Structure formats: structure tokens, C-alpha cells
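> I'll drop the sequence and a predicted model, then ask my questions.
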Amino acid sequence: ETGVTQTPRHLVMGMTNKKSLKCEQHLGHNAMYWYKQSAKKPLELMFVYNFKEQTENNSVPSRFSPECPNSSHLFLHLHTLQPEDSALYLCASSQGQGAAGELFFGEGSRLTVL
Amino acid sequence: AQKVTQAQTEISVVEKEDVTLDCVYETRDTTYYLFWYKQPPSGELVFLIRRNSFDEQNEISGRYSWNFQKSTSSFNFTITASQVVDSAVYFCALSLNTGFQKLVFGTGTRLLVSP
């Protein structure tokens, strides 16, 4: 298994749909992250979890709902999204949350909202 | 507020040319970390290097080298003798010593290396 696995790789949904993105890390890390990557914009940190507890919510709209059942799994539940939410959603993990920590990223889930 | 600027949106070179990717950062903190990540077409960001604010030594790793200059708030990345496999988007990022990993990324520089 590769380090950080994200499914699905591609997702197309309507504005009224409910879907979920899944992330799994096989590195034994305790911290997991969701980032949003939109065209021509810097990567934006969305959520951070440390040992299953949410430690950061970067003013993300409530239509994005994260879930972290254990240190290895992270979900992003999506509902009533807008077209501007179309982006690449990247999951990452790290050992600890220290500022010097290296992040290990998955390949991302490309989301298109129609 | 913290900010990372990568003014070069896209750079095109021919194989074997040297290329430098620029990164300028802004922070009022005295303790911070700087990173470079590579994003190949597959999508995942791959860690390349980390530098803390107290270590201004330049670093070389194979064909890659990094020049950290606090006086100009820059952390530039040079690829020597570029190869087609170097084609990717490169991100510079800044993290503060808050005991919490919160990277601020630049907008990235897309490097195209043609044969």
C-alpha cells in the first residue's frame, strides 16, 4: 500500500448531491489534514486532526463536514456544494503536528460540481 | 500575516539547462520553517527540503540546490542540468513555530522541461 491513499480520484456531483471523500494513511502518523487546491490559488488548509481530534477548522463552510474515526482514516463529507467548490482536494498526514514536520500527501480527489 | 510569493507562474526550459525557481516569503516571526514541495502530474505533493530560519547554509542534493537568504527573505531553488522528469509544479511553503503544522503555500511554479 502506498503512504496516503485517496478515493475516489475523480468525482462529479450536482449541487444537491451528498458524497464523501476518503483518505487512508498507512504510515502510522497521528495527524491528518485536508487541503483544497484551486486553479491559480495557493493550497488552502481546511482541517487538521491530531489523534482523531480536530485542531483546526480554517473557516470552512459547513457544507464541508470532516470526520476522523481513527488516526488512519479521514473523510470529507460533501453536501449542497457550489460550482466554486470544484477543486483538487488533497489529504496529507504527518508524524506529530510540529511546524517542522514533513507532510505526506495523497494524489488528491478531483471534484467537479455541476 | 504570513505570505509566500512565487512570481514565476510557468518556466519552460530545454533538457540540460539550469533553472532557478524563486520564492519570497513574508513573516514577522523570527522562528519559522521553509519548505519546497514538488507536484508531478499524478497529483501528490512530494517533500523536497525543509529549512529552519536559523540555518542559512545552502544545501545541495544531487542536481538540486537551495539558496536561503534571510536578508532578502528568499529561498530559491535551482535545478542543474534539468531533465524531462523534473517537469512538475513546484511549491514553496512557510510554517511558523506554533507547535502546529500549518503550511502557507505559494501559488506554485510550473516547470516544463522539453527534450
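Sure thing, it's come through. The model shown is predicted, which means the values in this text are computed figures rather than measured ones.

> so who does the residue nearest to the spatial centre of chain A touch?
Centroid-nearest residue in chain A, with C-alpha atoms, centre = their mean: A:Trp34, separated by 3.0 Å. Residues near A:Trp34 by C-beta atoms under 8 Å, 6 or more residues apart in numbering or on different chains: A:23, A:45-47, A:66, A:74, A:76, A:89-91. No exception for glycine: its C-beta is placed from N, CA and C like everyone else's.

> one more pass at 6 Å, please.
A:46-47, A:76 (C-beta atoms under 6 Å, 6 or more residues apart in numbering or on different chains).

> quick one, what contacts B:Asn52?
Counting by C-beta under 6 Å, 6+ apart, B:Asn52 has contacts B:Tyr33.

> next, give phi and psi for it.
In terms of degrees, to the nearest 10, the main-chain angles of B:Asn52 are phi -90, psi 160.

> could you give the bridge partners of it?
Note on B:Asn52: beta-bridge partners by DSSP bridges are B:Tyr33.

> quickly note the distance from it to B:Gln2.
Distance of B:Asn52 to B:Gln2, computed by C-beta to C-beta, to the nearest Å: 15 Å.

> for B:Ser71, which three-state class applies?
Using DSSP: H, G, I helix; E, B strand; the rest coil, the structure places B:Ser71 in helix.

> counting neighbours, what do you get for it?
Per other C-beta atoms under 10 Å in any protein chain shown, the neighbour tally for B:Ser71 reads 6.

> likewise for A:His77?
13.

> least trustworthy helix or strand in chain A by mean pLDDT?
strand A:53-57 (a mean of 83; mean pLDDT, DSSP states H and E).

> fine, thanks again, bye for now.
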